[in-house]
Structures are given as structure tokens and as C-alpha cells.
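# using only what follows, build the 3D model:
(2 chains)
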Amino acid sequence: DAGVTQSPTHLIKTRGQQVTLRCSPISGHKSVSWYQQVLGQGPQFIFQYYEKEERGRGNFPDRFSARQFPNYSSELNVNALLLGDSALYLCASSFLDTLNTEAFFGQGTRLTVV
Amino acid sequence: AQRVTQPEKLLSVFKGAPVELKCNYSYSGSPELFWYVQYSRQRLQLLLRHISRESIKGFTADLNKGETSFHLKKPFAQEEDSAMYYCALSGAYNQGGKLIFGQGTELSVKP
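Numbering: from 1, shown residues only, chains lettered A, B, ... in the order given. Next up is the predicted model:
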């Protein structure tokens, strides 16, 4: 098992553009969460999805959206990019049907907005 | 408000010295507390959680509800412990879905 995989690893976008980030969870994990990590800060929660439904949303503008597919993979979309959206975007997967509370993280996607 | 505070951005110790990384939290209810670690060029990974009460790589952390703290300790630091350490919390039974992280403490263990 390759663990949580994210694509792409790096990308550069221009202000005002739109971006889609992708995440494949560990096999058997039904929950996917997204985090934004700005340089020098801890990860900040954006979304959680479970069984294709949104289970939680952090304090992010409506420009941020996400979805989960039947195979539990997920996409994070950001519209109308701002310079401040430059960050490392992390995806984490976990079980939600047991008491196992460990979240497994991907390597992240480094987004640079210029 | 739900918040995790790690007061030290950088902690530098010599090999063999004791280490304590501080973590304080604010949460209304019964949170679950975690320590995550990120070694150089590796992904964020779980180090330990308070409910398991286990020692991982010599590290321990005790949840003090009175002081709302979850400090990470190790009696004798090793060079391979150098990494970024993040304290995090989630609501009880949230099962890892939504984590609130502190800003992280960089631990540097010198030879």
C-alpha cells in the first residue's frame, strides 16, 4: 500500500485562476480531510468528507470546495486564486467506523500563486 | 474557541539531555489529544495519542485536564529526534476526521 497519495506534488498558478488538487486515501479508509499549511504554521483544517458527504468545514471562503468520489478519492478545488492561497495542501485519510483515531497524511501539494 | 498553543517555535538541546515540548489547548468538552511528527523530507505522521497511553520512541505525553496541557517529554534526546512536532486535538469520537493543530515546535538535537 502506497499510503495516501496526492497529485500533483507541485504547481504554479496565476492569480484569478482555478486549481484542482487530488487525493487517493489508503485502501479501506472512507474519510478524507484537507488541510492548508502556510509556511511556518501548523496545518489548518479545510474540509472533511465521509461517504461522499461533507462532515465538516473549516473557516475558509466559498472559493474553496471539495468532493469525494465513490472510490473515496477526493478533489479540492480553489477558485479565483489569491496570492495568500500559496501553501502546502495536505490530505489525510482515516477510518471512521472504528475507534481508531489515527489520520494518515499524504506528502502534500505545494501550490504557488504568482 | 478551540485552539492549540505551542509556545516554542524552536527548541534546541544537546544529545542525552531531557526534552519537553509544551502544548496547551482550549476546548469545551472532552477532546482527544495527539502529537504528530514530521521528519525531514517525510510526511506528517502520528507519534502518539493520549488515549493509548503508550510510549513511542521513548516519548510520553500526559493529558492534564486541570492545566489543559499535553506536554511531550523524553528523558534522553537523540539526534534522530530532530524534527517538527505538532500538537493536535480533535473532538471526542471524531476519529481523526478534523484535527486542530498548533503551530509546531522544531526540535533540534545537537551532538
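# contact residues of chain A facing chain B?
Within chain A, the positions near chain B by C-beta under 8 Å from any C-beta of the partner chain are A:3-4, A:31, A:33, A:35, A:40-45, A:48, A:50, A:55-56, A:58, A:90, A:92, A:94-96, A:98-108. Any C-beta I mention is one placed from the backbone N, CA and C, and that applies to glycine too.
# can I get the helix-or-strand element of chain A with minimal mean pLDDT as CSV, trimmed to CA atoms?
The weakest-scoring helix or strand in chain A, judged by mean pLDDT, DSSP states H and E, is strand A:53-57 (a mean of 90). Presented in CSV, the C-alpha positions along strand A:53-57 are these (Å, rounded to 0.1, in the frame of the first residue of the first chain):
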residue,chain,number,x,y,z
GLU,A,53,-20.8,13.8,2.2
GLU,A,54,-19.3,16.8,3.8
ARG,A,55,-18.8,16.2,7.5
GLY,A,56,-17.0,19.4,8.4
ARG,A,57,-15.8,22.7,7.1
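# who's in contact with residue B:8?
Counting by C-beta atoms under 8 Å, 6 or more residues apart in numbering or on different chains, residue B:8 touches B:21-22, B:105.
# let's see it at 6 Å
Residue B:8 is in contact with residue B:105, counting by C-beta atoms under 6 Å, 6 or more residues apart in numbering or on different chains.
# just the one 5 residues further on next, same as before
If you count contacts by C-beta under 6 Å, 6+ apart, residue B:13 has them with B:19, B:77, B:109.
# of these, which is the nearest to chain A?
The closest of the contacts of residue B:13 to chain A turns out to be residue B:19 (C-beta to the nearest C-beta; 19.2 Å).
# identify the bridge partners of the spatially most central residue of chain A.
The residue lying closest to the centre of chain A (C-alpha atoms, centre = their mean) is residue A:34, at 3.1 Å. Beta bridges link residue A:34 to residue A:47, residue A:91 when assigned by DSSP bridges.
# what about it, distance to residue B:8?
28 Å (C-beta to C-beta, to the nearest Å).
# next one: residue A:105
From residue A:105 across to residue B:8, the span is 23 Å (C-beta to C-beta).
# ranking the contacts of residue B:13 by neighbours, who comes first?
Compared across the contacts of residue B:13, residue B:77 has the highest neighbour count, 22 neighbours, by other C-beta atoms under 10 Å in any protein chain shown.
# can you give me the pLDDT of residue B:56?
Reported pLDDT at residue B:56 in the predicted model: 85.
# ok, how many other residues are close to it?
Residue B:56, neighbours per other C-beta under 10 Å, totals 15.
# now it. Its backbone dihedrals?
Main-chain torsions, residue B:56, degrees, to the nearest 10: phi -120, psi 130.
# over to the one 5 residues further on?
Geometry field for residue B:61 lists phi and psi as phi -150, psi 130, criterion degrees, to the nearest 10.
# I'd assumed residue B:74 was in contact with it.
No. With contact defined as C-beta atoms under 6 Å, residue B:61 does not count as touching residue B:74 (9.9 Å).
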